[in-house]
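Novice: Requesting a structural model of the entry that follows:
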Amino acid sequence: MHPDAAVFVISVAAELAGMHPQTLRQYDRLGLVSPSRASGRGRRYSPRNVVMLREVQRLSQEEGVNLAGIKRILELEDQVNALQSRVEELSAELTRVYDALQRSRRVFAAGPAGDVVAVERGQRPQRPARPAPTFGPSGALVVWRPPPR
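Specialist: Now for the predicted structure:
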């Protein structure tokens, strides 16, 4: 059964929460625990509502918190839950954007001719193959030869 499924009539919800049905009506009027309404306007409580009723009773009897204080506590808990959910959404979105950025990030390096070239991460620009050494007519290695005019 889904925790938000409105299935219990007020008498069953009151019994499950260990309260009188009139107490549930008062909590509904005060906005502490607001059940769904059936087509005939009858209250229908969900398992989550029953848990909240027990928490209201615990705060009232064990902690000595008045009903206005309990209402504020419940509102703040809802706000914290909504903010935590939003933080999780934003964190997941940030992770997706960061991962996409890392995958698409380009690296630039100086190419063999001094130009700027894009390379893959972890790679170096490809150097052109070195020409074979040249030997002069006497068989000596030519280190430098003046350019032709």
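
Novice: what helix or strand does Leu76 sit in?
Specialist: helix 67-104 (DSSP states H and E).

Novice: Can you give me the buried ones in that helix?
Specialist: Of the residues in helix 67-104, Ile70, Lys71, Ile73, Leu74 count as buried by neighbour count, 16 or more other CB atoms under 10 Å. For the C-beta atoms, the positions are set from N, CA and C on the backbone; glycine is no exception.

Novice: Can you give the contact residues for whichever helix or strand comes after that helix?
Specialist: Beyond helix 67-104 on the C-terminal side, the first helix or strand identified by DSSP H and E is strand 107-110. The set of residues that contact strand 107-110 without belonging to it, under CB atoms under 8 Å, 6 or more residues apart in numbering, is Val116, Val117, Ala118, Val119, Glu120, Arg121, Gln123, Arg124, Pro125.

Novice: How far does the following helix or strand past strand 107-110 sit from its chain's centre?
Specialist: Secondary structure here is assigned by DSSP H and E; on that basis, the next helix or strand after strand 107-110 toward the C-terminus is strand 116-119. Its chain's C-alpha centre lies 36 Å from the corresponding centre of strand 116-119 when counted by CA atoms, centre = their mean, to the nearest Å.

Novice: Now do strand 116-119: which elements does it pack against?
Specialist: Packing partners of strand 116-119 (3 or more CB pairs under 8 Å, 6 or more residues apart in numbering; DSSP states H and E): strand 107-110.

Novice: Most widely separated two among the buried residues of helix 67-104?
Specialist: Lys71 and Ile73 (7.3 Å; CB to CB).

Novice: How is this structure divided into domains?
Specialist: The chain breaks down by automatic domain parsing into domains covering 1-65, 66-127.

Novice: Quick one, which of these gets closest to Leu141.
Specialist: Counting by CB to CB, Leu141 lies closest to domain 66-127 out of the domains of the chain; the figure is 21.3 Å.

Novice: pLDDT weak spots in this protein?
Specialist: When the per-residue scores of the chain are filtered using pLDDT under 70, the ranges that remain are 128-129, 142, 144-145.

Novice: switch the cut-off to 80
Specialist: Within the chain, the ranges that satisfy pLDDT under 80 run 1, 102-114, 117-149.
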